[in-house]
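Student: Everything below, folded, please.
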Amino acid sequence: MNFNKKQASALIFATVAMIVSFTVWSVFSPIANMVQEQYGLSETEKSFLIVTPIILGSVMRIPIGIVADRLGARKVYAVIMAFAVIPLIAAGFAQSYAALLFWAFLIGMTGTTFTIAITYVTKFFPKEQQGLALGIIGIGNLGTAMAALFIPSVVYLVGMSWMFWILAAVLSLMTIIFWFMTEDADSNQKSQSLMQSLSVLQFKDTWILSAYYFLTFGGFVAFGFYLPTLFQDMYQLSPVVAGWFVAGFVIIATLIRPLGGYLADRFGANQVLTFLFVGIITMAIILAFSLMNLVLFSVACGIMALLLGSGNGAVFKLVPGVSPKHTGAVTGVVSAVGGVGGFFPPIVMGFFLEMTGSYATGFWLMSLFAIGCLLVHIYPIAIKKQVLRRA
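Tutor: From the prediction side, this is the model:
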């Protein structure tokens with residue numbers, strides 16, 4: 001598939017900016033055990049530090065998506081990255097768990113860049129190319145892998161404070177590069193009012209896709225954010241070695257995402273999602289039973305990464321079709337719910353780990369939710385086939 005210069009520029013720099021932003025968004029997961037030792041935190045307190053950036057980064061995707069539709073995604077993208085530099089610098093001066101938690105919350109704004117990137121890139125591509133294009137923009141999720149790979153080593157080399165300050169410098173540079181290397185999309189659409197943007201909430205498909213993304217992207221976020229802790233606790237791996245395992249998961253899930261979008265373009269998103277939901281159910285059950293075996297658990301995680309990553313691409317193939325005039329608003333809702341899907345599993349894992357000493361409950365709950373998604377997905381398809389047979 002050939003992209004023109006304007007399309008390629010938008011796609012490349014929006015993706016790279018998202019990689020940097022997601023590295024910042026994921027910064028606390030690889031260092032959670034270090035912070036726990038430094039401040040004497042419980043498992044639940046550590047889990048809250050991991051998921052705190054997810055809260056703001058997920059909930060704010062809805063209003064940010066609307067703002068991006070109205071004011072222009074390119075402007076909003078640059079403003080969000082510039083804003084995040086402030087809490088990054090401040091986090092380097094934090095001297096308590098409460099202060100770090102507060103700055104982690106504000107750093108969470110970088111998680112909204114996913115919605116902005118989708119809104120920005122969508123306007124450059126026709127409908128028949130959007131599945132692949134949005135799959136490529138999803139490569140921005142590699143930022144989670146970058147955090148897992150490099151953040152522990154940077155902390156060991158220069159200390160935690162300088163790690164935050166280096167990230168602030170990188171994000172500042174990325175903001176400048178993005179602003180001067182991209183252009184606003186050509187659009188003949190009039191700016192939509194707030195009520196018009198919020199009208200997407202009345203569409204059933206908005207909420208169905210949100211549930212699907214709660215599973216696929218929420219699962220991706222939960223694995224990416226919490227696996228460093230799980231690998232360190234279960235298998236006594238160092239933060240650096242655990243980071244390599246987690247980076248493998250994130251890279252697989254991220255790089256397979258464009259394929260999910262392509263397959264949805266090629267064979268239809270409904271057929272692809274049916275297959276993926278069945279696979280997620282199966283692998284979640286296997287993960288629950290394989291916790292005591294590092295090799296088996298790692299292989300199962302790799303397969304789960306393929307399924308979740310493909311699912312992310314397939315789900316977002318359907319998003320622009322819900323309401324083409326309000327892509328940012330729909331993206332905001334769906335991605336916000338997906339982000340919230342990454343918030344609950346680490347909290348549940350931490351809670352049940354303290355209660356039972358096992359991580360298995362989280363995987364059982366994931367399998368049950370995937371069953372629910374599968375039933376919601378295949379029911380209308382089955383009804384439609386039944387009606388066609390009768391006709």
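
Student: Distance-wise, check I116 relative to V348.
Tutor: Applying CB to CB, to the nearest Å, the value for I116 to V348 is 29 Å. C-beta coordinates here come from the backbone N, C-alpha and C atoms, glycine included.

Student: For the two, indicate the residue with more neighbours.
Tutor: Neighbour count, other CB atoms under 10 Å: between I116 and V348, I116 has more, with 32 against 18.

Student: can you tell me the helix or strand for the more buried one?
Tutor: Assessed by DSSP states H and E, I116 sits inside helix 113-122.

Student: How about residues contacting that helix?
Tutor: With CB atoms under 8 Å, 6 or more residues apart in numbering as the test, helix 113-122 has contacts from 10-11, 14-15, 17-18, 21-22, 61, 64-65, 68-69, 73-74, 76-77, 80-81, 130, 133-134, 137, 140-141, 185, 316, 319-320, 327-328, 331-332, 335-336.

Student: Any of those residues buried? List them.
Tutor: Buried positions within the contacts of helix 113-122, assessed by neighbour count (16 or more other CB atoms under 10 Å), are 10-11, 14-15, 17-18, 21-22, 61, 64-65, 68-69, 73-74, 76-77, 80-81, 130, 133-134, 137, 140-141, 185, 316, 319-320, 327-328, 331-332, 335-336.

Student: Filter those down to the ones in helices?
Tutor: When the buried ones among the contacts of helix 113-122 are checked against helices (DSSP state H), the matches are 10-11, 14-15, 17-18, 21-22, 61, 64-65, 68-69, 73-74, 76-77, 80-81, 130, 133-134, 137, 316, 327-328, 331-332, 335-336.

Student: Point to the helix or strand of this protein where mean pLDDT is at its lowest.
Tutor: The weakest-scoring helix or strand in the chain, judged by mean pLDDT, DSSP states H and E, is helix 194-198 (a mean of 65).

Student: how near is L368 to A73?
Tutor: Distance from L368 to A73, counting by CB to CB: 36 Å.

Student: Then V20?
Tutor: When distance is defined by CB to CB, V20 is 17 Å away from A73.

Student: what do you get for Y359?
Tutor: Y359 is 38 Å from A73, where distance means CB to CB.

Student: L100 now?
Tutor: According to CB to CB, L100 stands 31 Å off from A73.

Student: Return the set of buried residues in stretch 336-354.
Tutor: Buried residues in stretch 336-354 (16+ other CB under 10 Å): 336-350, 352-353.

Student: nope, stretch 101-121 is what I was after
Tutor: 101-121.

Student: list the contacts for I256?
Tutor: Neighbour list for I256: A305, L306, G309, S310, G313 [criterion: CB under 8 Å, 6+ apart].

Student: Most neighbours among those, which one is it?
Tutor: G309 leads the contacts of I256 on contacts (other CB under 10 Å) with 30 neighbours.

Student: Tell me the confidence at that residue?
Tutor: On pLDDT, G309 comes in at 91.

Student: Run a quick neighbour tally on the closest residue to it other than its chain neighbours.
Tutor: With CB to CB, 6 or more residues apart in numbering as the criterion, G309 has its nearest non-adjacent residue at 3.5 Å, and that residue is A253. Using other CB under 10 Å, A253 has 32 other residues around it.

Student: what's the answer for the one 10 residues further on, then?
Tutor: By other CB under 10 Å, the residues close to L263 number 22.

Student: Equivalent analysis for Q232, please.
Tutor: When counting by other CB under 10 Å, one arrives at 19 neighbours for Q232.

Student: That's all I had, so thanks and see you.
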